[in-house]
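Peer 1: 3D, please:
(4 chains)
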Number of protein chains: 4
Amino acid sequence: MIRVIVWNEYLHEKENQVVASLYPNGIHGAIGAGIAKEDVQVRYATLDMPEHGLSDEVLSETDVLIWWGHRGHNQVSDEIVERVQKRVLQGMGLIVLHSGHFSKIFKKLMGTTCDLKWRAVGEKERLWVVDPSHPIAEGVGQFIELEHEEMYGEHFDIPAPDELVFVSWFEGGEVFRSGCTFRRGQGKIFYFRPGHETYPTYHNQDVLRVISNAVHWAAPKLGAKPVYGHVKEPLEPIKSV
Amino acid sequence: MIRVIVWNEYLHEKENQVVASLYPNGIHGAIGAGIAKEDVQVRYATLDMPEHGLSDEVLSETDVLIWWGHRGHNQVSDEIVERVQKRVLQGMGLIVLHSGHFSKIFKKLMGTTCDLKWRAVGEKERLWVVDPSHPIAEGVGQFIELEHEEMYGEHFDIPAPDELVFVSWFEGGEVFRSGCTFRRGQGKIFYFRPGHETYPTYHNQDVLRVISNAVHWAAPKLGAKPVYGHVKEPLEPIKSV
Amino acid sequence: MIRVIVWNEYLHEKENQVVASLYPNGIHGAIGAGIAKEDVQVRYATLDMPEHGLSDEVLSETDVLIWWGHRGHNQVSDEIVERVQKRVLQGMGLIVLHSGHFSKIFKKLMGTTCDLKWRAVGEKERLWVVDPSHPIAEGVGQFIELEHEEMYGEHFDIPAPDELVFVSWFEGGEVFRSGCTFRRGQGKIFYFRPGHETYPTYHNQDVLRVISNAVHWAAPKLGAKPVYGHVKEPLEPIKSV
Amino acid sequence: MIRVIVWNEYLHEKENQVVASLYPNGIHGAIGAGIAKEDVQVRYATLDMPEHGLSDEVLSETDVLIWWGHRGHNQVSDEIVERVQKRVLQGMGLIVLHSGHFSKIFKKLMGTTCDLKWRAVGEKERLWVVDPSHPIAEGVGQFIELEHEEMYGEHFDIPAPDELVFVSWFEGGEVFRSGCTFRRGQGKIFYFRPGHETYPTYHNQDVLRVISNAVHWAAPKLGAKPVYGHVKEPLEPIKSV
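Peer 2: Residues are numbered from 1 along each chain as shown, chains lettered A, B, ... in the order given. Down below sits the predicted model:
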């Protein structure tokens, strides 16, 4: 059983009729409904909950955290961002969606500005698979086509991703590295570009399939347990002193 | 002309006789003397200077910053760390030495704990070149041997380096990824392991050669200028809206 | 069910008493016995079999191929090497062991000489985990210790691995990148260093565990199906002609 | 002084009027004229020359080899391909252009099929810089625009590149990783996509600038000299035998 939390700032849905009608249960609700399976347990957390719904207890019981934020990035408490970072470094998976590129948690884990170009006129996006062997692309065809999306364009100021899975083509002439994996500490991170709030992107079956694949990919696997700190006894005798 | 600042917390040298006698002009003085050349201008900055010697003006005139810190990591102001990070992302090179692995600036740029194992009994270290094609290894033989050093052992909690140049063998039985490059924003970063304050490491000609090579490697080259932000006019007509 | 073939040139065991007594069922037999599980079906193939035991039919029913070779590299037919390469590029996993670094198939997939340093005096080896989050390291402690092994030393002339999982420490003073992953086409490749024929390495439980982990890691997962060749109809109208 | 050889199969120019009028001195002539500088010496070699113009002597005096081939891939002798591979692994730079993706030398160095999608209707291509810090992108704006080019589309079956510098947008709806670096042995390799023979691509100043930048980037630098083979004497005493 993979224990997932879908975190959403949940602001647009309460104020914008277009968003509210697209996502009557919130963006988190649409994502959660799309990825829940027998072996995936979905819970939700939002900005307005105590501790943004991300208490130590909740995080300690979470395998993968999905993050959607946009307008409310600065309302997220620094303390909770550090808490989430710590859990990722200990092994919790993290899936950062769309405008989450500017979230505190993503910038903190990347160490860069995470800046990019953008244009929101509802143009066509086509996400091409550039690593067809990757489990995150399982079941996707050559590309995912979204009739209307916000454009994100290069340069995207991130560290070189460990793996590049998708590259987007935009009708208006730009490209973007839209599916990127990173390992930080024991945790796996996937950034996935699409999902502007005014389009029905999180009802698209291919988009949901990718997020679902990423949940399985990012869930902590048993690895070796790292050890840090002072080593009193050398493994071999020291002669040179 | 490459404009370098050697930054040193400059604490051990003032309190520990062994360190003082090894480095009468400070660790920064030894490094600076070792890398100064016709085309490399060296200046110094230390923790006790106003703004730690790293004012906006100074940083704007710096191509490569070399960082040695250990006991004083927490005395470095957060504001100045953010300033240095910003300059690195804009293109300033950064060379982080030895215990600088735990400096605020390195952790901020890596996004991980940067933790490791250690033991300070003065054992032998041998740094093997694992990427002989790399300019940072220019002029080095198969390895660099240091008779007495502190041991740093894996696991080293960093993102997978973009390039791995050196791996250390330790007499006591451990190994360590001791020469690692990272690109963050427009800036190049090199982490180089050796340099415990109680050993004459920064008088070793091979160690100085590597730092000098790294200065040349990390100095900003002209690349393409990245552009970010809102794109009003699409490059191609948008039909799909 | 993962269908594995353990391929062994099977030469030393027939001529060298030491090897024969260590591996009465062949090196392949020891490896196969060590990794067979409910969900792993093991078959064997050797140099002296028709088509070296690697007919088109056999390969088409193989998920992961494990390769041990040493003296007989040049006796392996070029045609069969091309056949194996083709299957790897289509998705079959490949685990190359020890002196397999100089096998035709590994060199063909790497594009480099795969040369290294070596010394066979039976010294101690310690394989340190440098990526504890990797599933290939599952269940391993901080390191694997082998009392007697052949030494392989850097420089190891391979492309930079996609992931570095193990680094070896040798008693005689060298280090080696001893657990390396590569993706080529749809296939996953793992190179694992230990396993000189005159030592009981393939009876070591940790070594067998790593090979078993690698089998699961390298088994083909469903990804996206890549498409190549001429595209008659553009997805978008071409105006600029 | 960087000693460059521009290699061209030189077939289309002799048979196709369009190509002949675009490149009266051959594709190699246009490239050579575009990159020759005070510190870059350009020579030419073509398929019809003895040993394709790539004798051992010529190669031993070459720092960077630029390769353009298309129809004649199979006419290139295997022996000479091995010779070129050997020189690359020893440190010679290699720049592979456009349809050279299917050349014997590129496939041999990559170990994969190097297959891709294509369509030759003269559509618009825009090559976006995705690594603006890279010296190969020096002096280029946000992108290079080519009014008419052949389309190459993903999936491009190459190993994950060490660095990704350009990604192409095509008018017909595809994307492509069009500027990729690889290190193999001591040599540096750059694959650069544009350059279909029926378009004036090698008269475009930005394209020539990128090739010129790549020549400087790929020219052998002094690194450490790798050592291989049997190590008679261990660096440390062996106790465990």
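Peer 1: mind listing what A:Asp56 touches?
Peer 2: Going by CB atoms under 8 Å, 6 or more residues apart in numbering or on different chains, A:Asp56 touches A:Arg83. All C-beta atoms are positioned from the backbone trio N, CA, C, and that covers glycine.
Peer 1: now do A:Trp7
Peer 2: Counting by CB under 8 Å, 6+ apart, A:Trp7 touches A:His28, A:Tyr44, A:Ala45, A:Thr46, A:His52, A:Gly53, A:Leu54, A:Leu65, A:Ile66, A:Trp67, A:Trp68, A:Gly69.
Peer 1: again, only using 10 Å
Peer 2: Going by CB atoms under 10 Å, 6 or more residues apart in numbering or on different chains, A:Trp7 touches A:28, A:31, A:43-47, A:49, A:52-54, A:62, A:65-69, A:76, A:84, A:94-95, A:97, A:100, A:103, A:105.
Peer 1: PyMOL command to pick out the buried ones of the residues you listed?
Peer 2: In PyMOL, this line selects whichever of those come out buried by 16 or more other CB atoms under 10 Å in any protein chain shown:
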select buried, chain A and resi 28+31+44+45+46+47+52+53+54+62+65+66+67+68+69+76+84+94+95+97+100+103+105
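Peer 1: Which of the contacts of A:Trp7 fall within strands?
Peer 2: The strands, defined by DSSP state E, take in A:Arg43, A:Tyr44, A:Ala45, A:Thr46, A:Leu65, A:Ile66, A:Trp67, A:Trp68, A:Leu94, A:Ile95, A:Leu97 from the contacts of A:Trp7.
Peer 1: restrict the contacts of A:Trp7 to those near chain B?
Peer 2: With CB under 10 Å from any CB of the partner chain as the criterion, the contacts of A:Trp7 include A:Ile105 near chain B.
Peer 1: Show me which of the ones in strands among the contacts of A:Trp7 is closest to C:Lys117.
Peer 2: A:Leu94 (40.9 Å; CB to CB).
Peer 1: Quick check: pLDDT value at the closest one.
Peer 2: Reading off the confidence values, A:Leu94 has pLDDT 98.
Peer 1: what bridges to it?
Peer 2: A:Leu65, A:Ile189 (DSSP bridges).
Peer 1: Next one: it relative to chain B, how far apart?
Peer 2: 11 Å (CB to the nearest CB, to the nearest Å).
Peer 1: ditto for A:Phe156
Peer 2: For A:Phe156 relative to chain B (CB to the nearest CB), the value is 9 Å.
Peer 1: name the element that residue belongs to?
Peer 2: According to DSSP states H and E, A:Phe156 maps onto no helix or strand at all.
Peer 1: and it, how many neighbours does it have?
Peer 2: 24 (other CB atoms under 10 Å in any protein chain shown).
Peer 1: next one: A:Asn25
Peer 2: 12.
Peer 1: do the same with A:Phe143
Peer 2: So A:Phe143, with other CB under 10 Å, has 24 neighbours.
Peer 1: Likewise for A:Lys14?
Peer 2: 10.
Peer 1: Also A:Met92?
Peer 2: When neighbours are counted by other CB under 10 Å, A:Met92 comes out with 26.
Peer 1: Tell me who's in contact with it.
Peer 2: A:Met92 makes contacts with A:3, A:5, A:59-60, A:62-65, A:84-86, A:185-189, A:218-220, as judged by CB under 10 Å, 6+ apart.
Peer 1: Just the buried ones from these?
Peer 2: Taking 16+ other CB under 10 Å as the criterion, what is buried in the contacts of A:Met92 is A:3, A:5, A:59, A:62-65, A:84-85, A:185-189, A:218-220.
Peer 1: Could you tell me how far the least confident helix or strand in chain A by mean pLDDT lies from the centre of the chain?
Peer 2: Across the helices and strands of chain A, mean confidence by mean pLDDT, DSSP states H and E is lowest for strand A:229-230: a mean of 92. Computed by CA atoms, centre = their mean, to the nearest Å, the separation of strand A:229-230 from the middle of its chain amounts to 33 Å.
Peer 1: what residues does it touch?
Peer 2: B:Asp115, B:Leu116, B:Lys117, B:Trp118, B:Arg119, B:Ala120.
Peer 1: Assign the fourth one to helix, strand or coil.
Peer 2: Spelled out, it's B:Trp118. strand (DSSP: H, G, I helix; E, B strand; the rest coil).
Peer 1: Tell me who's in contact with the nearest residue to it once chain neighbours are set aside.
Peer 2: The shortest distance from B:Trp118 to any non-neighbouring residue, by CB to CB, 6 or more residues apart in numbering or on different chains, is to B:Tyr152 (5.5 Å). Residues in contact with B:Tyr152, defined by CB under 10 Å, 6+ apart, are A:231, B:98-99, B:101, B:116-120, B:125, B:168, B:170, B:174-178, B:193-194, B:196.
Peer 1: Ramachandran coordinates for B:Tyr152?
Peer 2: Note on B:Tyr152: backbone dihedrals following degrees, to the nearest 10 are phi -120, psi 130.
Peer 1: Distance check, it against A:Gly223.
Peer 2: Distance, B:Tyr152 to A:Gly223, by CB to CB, to the nearest Å: 21 Å.
Peer 1: now A:Asn74
Peer 2: 35 Å.
Peer 1: who has more neighbours, these two?
Peer 2: A:Gly223 (21 against 8).
Peer 1: Do I have it right that the more buried one meets C:Ala137?
Peer 2: Yes. Counting by CB atoms under 10 Å, A:Gly223 touches C:Ala137, with 5.2 Å between them.
Peer 1: intersection of neighbour lists for those two?
Peer 2: Joint contacts of A:Gly223 and C:Ala137 (CB under 10 Å, 6+ apart) are C:Val129, C:Asp131, C:Val165, C:Asn213.
Peer 1: So which of the contacts of strand A:229-230 wins on neighbours?
Peer 2: B:Leu116 (23 neighbours).
Peer 1: Name the nearest residue to that one, ignoring sequence neighbours.
Peer 2: Closest residue to B:Leu116 apart from its sequence neighbours, by CB to CB, 6+ apart: B:Phe156 at 4.7 Å.
Peer 1: do the same with A:Lys225
Peer 2: C:Pro132 (6.5 Å).
Peer 1: Ok, A:Gly122 next?
Peer 2: Using CB to CB, 6+ apart and skipping the chain neighbours, the partner closest in space to A:Gly122 is A:His148 (4.1 Å).
Peer 1: Touching, the one you found and A:Gly195? I think so.
Peer 2: No. A:His148 lies out of contact with A:Gly195 (CB under 10 Å); the separation is 12.0 Å.
Peer 1: so the helix or strand hosting A:Arg209 versus strand A:64-68, what angle?
Peer 2: Here A:Arg209, judged by DSSP H and E, is contained in helix A:205-218. Orientation check (axes from the mean of the first three to the mean of the last three CA atoms, to 10 degrees): helix A:205-218 against strand A:64-68 gives 140 degrees.
Peer 1: one step back: immediately after the helix or strand encompassing the residue nearest to A:Gly122, which helix or strand?
Peer 2: If you go by DSSP H and E, A:His148 is part of strand A:143-153. Per DSSP H and E, the first helix or strand lying C-terminal to strand A:143-153 is strand A:163-170.
Peer 1: is that next one up against chain B anywhere?
Peer 2: Yes. Interface with chain B: strand A:163-170 contributes A:Phe170 (CB under 10 Å from any CB).
Peer 1: So in that sheet, which strands flank that strand, and in what orientation?
Peer 2: Strand A:163-170 has these strand partners (DSSP bridges): strand A:117-129 (antiparallel), strand A:175-184 (antiparallel).
Peer 1: quick one: which of the ones you listed is nearest D:Lys37?
Peer 2: So among the strands paired with strand A:163-170, strand A:175-184 is nearest, using CB to CB, at 31.1 Å.
Peer 1: so that closest one versus strand D:143-153, what angle?
Peer 2: Using the same axes, to 10 degrees: strand A:175-184 against strand D:143-153 is 80 degrees.
Peer 1: Pick the most deeply packed of the strands paired with strand A:163-170.
Peer 2: strand A:175-184 (a mean of 24; mean count of other CB atoms under 10 Å in any protein chain shown).
Peer 1: With that, I have no additional questions.
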